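Peer 1: Test case, fold it:
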Amino acid sequence: MPRVILACDPGERRDAVQASLVAAAMQVTLSGHAEDAAHLARSLHADALVLLDAPGCDALVITQTLRHDTALHACMIVTVALRDRHAALMRAGADHAMGSGTTADEVAEAVLGRLQRRDQLLDVGAADARRRSADSMVEAIAGRGSLRGVIALRVERMPELAAALGNDGALMLRGQLRERLAPLLPRGSELTMIDEGAIAALDSATASIPDMAESLLREARQALRANGRELRLRVHAGYIECKDSAVLDAPTALRRAEAAAREARHQGLSAPHAWCDELGARLLGDVELASAMRQAVEQADFRLVFQPQVRMDRAEPFGVEALIRWNLPGGVSVPPNQFVALAEESGLIEDIGAWSLREACRTAVAWGEQGLSLRVAVNIAPRQAMQPRFAETVRQALAESGFAGDRLLLELTEAAVLRGAKTLSRSLETIRSLGVQVAVDDFGAGLATLAGLRGLPISEIKIDRSFVRPLPGLPEDRLAVETILRLAQQMQLRTLAVGVENAAQWAWLKEQGCDAAQGWLIGKPVEGAELPGAIGALRRARGQFAVDAATA
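Peer 2: Next up, the predicted model:
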């Protein structure tokens, strides 16, 4: 815990700054004059001196006194004074001068941030050093023969949070987190911070690794302060218990605890996740699958199938949705939800998404040469949509294939659109300038935040199959879809129902004014070469599929 001397005349101002410094996990000692401040700084080996300039406590005099004492050159000096005093204070040796209107929280943030930045410049807090420190800590306890377990805490989106807070704010956050967690550890156990969170190594005196993981996780989720803001971190925990009979080297124990923490985040668990053999086998399987996926990207081993979409007013097919499929060597099919999630984690989703766009446009052009003009909808993963070059990827796919932009629809999940509205807005405007339309997929779960779609260039919403499945069902089942349709009409958005499987669903949706539908009642996904025949059959049937289903 950093030791700080606070030099200031008594009063509310001093009390407020003292409270903020203590809240920022610093040990504070009060002083009233130059000689006392210098003595305390020397005897306590103070890390910093905070001077609130006032007639009875002259910050300039105290700074000059300290800087003449060679034993105190390492003590950082932060002053709060009128602006016309700043130049003199800095010449006297102050490390940082702040205005007299600075708030108590801003003083605390400046002190802790600069202390931690000093450590970083000395390579104490650098990322590599923190990682080496974690390895050494676990190895040291293992070397004593007393390593009972390792706990890893992983802060969700920590790199983005650090970028938003700035270097000082991020270091302040880590410092507070450490001061919160360290006192919870039993004697002989140790804690170190890493860029993604924290690592705790527990010795044999610890009674329960799961209970300790739960305690650390609960404390890490308590409110912290940085840059004048109160923050509650989204933290996940993983742990491994090192049994006496287990032969496990320290680096492996550390990596497995971190893998368990990542798994907790992946599954959205609120409780700590334990490493187990099943998790190890699955992770190895994911690694092998990611390797096969990388090869599939290089060799373009994916394929697209296409499911027809029809207008409900006259059962006329007008478009298709392109759905990606992947078979492993030997014909084993990998479910899309599994390999798409893995592609996002492994960074391959952009390559796969770009291929899907190009292939869908190329296939649609081939249909056009056969006299078949259809709109093609392509799913876009959230990570792909957030990339700066996303609009350029769409433009290139259109240019290379010769496909008309007004025949292409991009589908983004509702969660992705709402979460990244500001980032996506400019990219979507560029895409719309190409004539390309944008739809919100899986719509329905975010009704409370529907206002977040206003102002975005969205032309269509797809009602999620979970809402369509029970229709016409009970009144409460119908209410959700009725609300979606009514709101869409008010916002002048087209609607398409997904997963229409029987005539009763079709009839109810049509009566309520839903614009379009897709599902097995209309047609299953088919290969690109088979699509023209499937569309021809639909046009000849003229909606007879709905009648047939109703009378079956």
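Peer 1: tell me the contacts of E476?
Peer 2: The contact partners of E476, taken as C-beta atoms under 8 Å, 6 or more residues apart in numbering, number zero. From N, CA and C alone the C-beta is placed, and that goes for glycine too.
Peer 1: What residues sit buried inside the helix or strand containing it?
Peer 2: Secondary structure here is read from DSSP states H and E; on that basis E476 sits in helix 475-490. Residues R478, A480, V481, I484, L485, A488 are the ones in helix 475-490 that count as buried (16 or more other C-beta atoms under 10 Å).
Peer 1: Following element in sequence after it, please.
Peer 2: Sequence-wise, the next helix or strand downstream of helix 475-490 (DSSP H and E) is strand 494-498.
Peer 1: contacts for that next one?
Peer 2: The contact list for strand 494-498 (C-beta under 8 Å, 6+ apart) reads 309, 439, 459-465, 468, 481, 484-485, 488, 505, 509, 513-519.
Peer 1: how near is the residue most central in space within the chain to T413?
Peer 2: By C-alpha atoms, centre = their mean, the mean C-alpha position of the chain lies nearest to R157, the distance being 4.5 Å. The spacing between R157 and T413, counted by C-beta to C-beta, to the nearest Å, is 18 Å.
Peer 1: for D58, same thing?
Peer 2: Remark: distance between D58 and T413 (C-beta to C-beta) = 61 Å.
Peer 1: Compare the two (neighbour count), which wins?
Peer 2: Counted by other C-beta atoms under 10 Å, D58 and T413 do not tie: T413 has more neighbours, with 21 against 18.
Peer 1: I'd say the more buried one and V440 touch.
Peer 2: Yes. Between T413 and V440 a contact is recorded at 7.5 Å, counting by C-beta atoms under 8 Å.
Peer 1: now A292, nearest residue through space, not along the chain?
Peer 2: Excluding its sequence neighbours, the residue lying closest to A292 (C-beta to C-beta, 6 or more residues apart in numbering) is L328, at 6.2 Å.
Peer 1: burial count for A59?
Peer 2: 28.
Peer 1: What residues does it make contact with?
Peer 2: Contacts of A59 by C-beta under 8 Å, 6+ apart are A7, L51, L52, D53, T79, V80, A81, R85, L89, A94.
Peer 1: how near is the fourth one to A223?
Peer 2: It refers to D53. 31 Å.
Peer 1: In terms of neighbours, single out the busier of these two.
Peer 2: D53 (22 against 10).
Peer 1: Quick check: which ranges of the stretch 151-300 of the chain have low pLDDT?
Peer 2: Residues of the stretch 151-300 of the chain meeting the criterion pLDDT under 70: 159-160, 162-164, 166-168, 195, 204-207, 244-248, 280-288, 300.
Peer 1: Please enumerate the strands of it.
Peer 2: Residue ranges of the strands in the stretch 151-300 of the chain, as given by DSSP state E, counting those that start in this stretch, are 190-194, 197-203, 224-226, 229-231, 235-241, 273-274.
Peer 1: can you give me how far the second one is from the chain middle?
Peer 2: So that's strand 197-203. Here the centre of strand 197-203 is set off from its chain's centre by 23 Å, with C-alpha atoms, centre = their mean, to the nearest Å.
Peer 1: Can I get stretch 134-143 in PDB, CA atoms only?
Peer 2: Extracted in PDB, the C-alpha atoms of stretch 134-143 (Å, rounded to 0.1, in the frame of the first residue of the first chain):
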ATOM      1  CA  ALA A 134       2.900 -14.500 -11.900                       C
ATOM      2  CA  ASP A 135       5.000 -17.400 -13.200                       C
ATOM      3  CA  SER A 136       7.700 -16.900 -10.500                       C
ATOM      4  CA  MET A 137       5.100 -16.500  -7.700                       C
ATOM      5  CA  VAL A 138       3.500 -19.900  -8.500                       C
ATOM      6  CA  GLU A 139       6.800 -21.600  -9.100                       C
ATOM      7  CA  ALA A 140       8.100 -20.300  -5.700                       C
ATOM      8  CA  ILE A 141       5.200 -21.700  -3.700                       C
ATOM      9  CA  ALA A 142       5.400 -25.000  -5.700                       C
ATOM     10  CA  GLY A 143       9.100 -25.100  -5.000                       C
END
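Peer 1: Report the beta-bridge partners for F306.
Peer 2: With DSSP bridges applied, the residues forming beta bridges to F306 are A322, V526.
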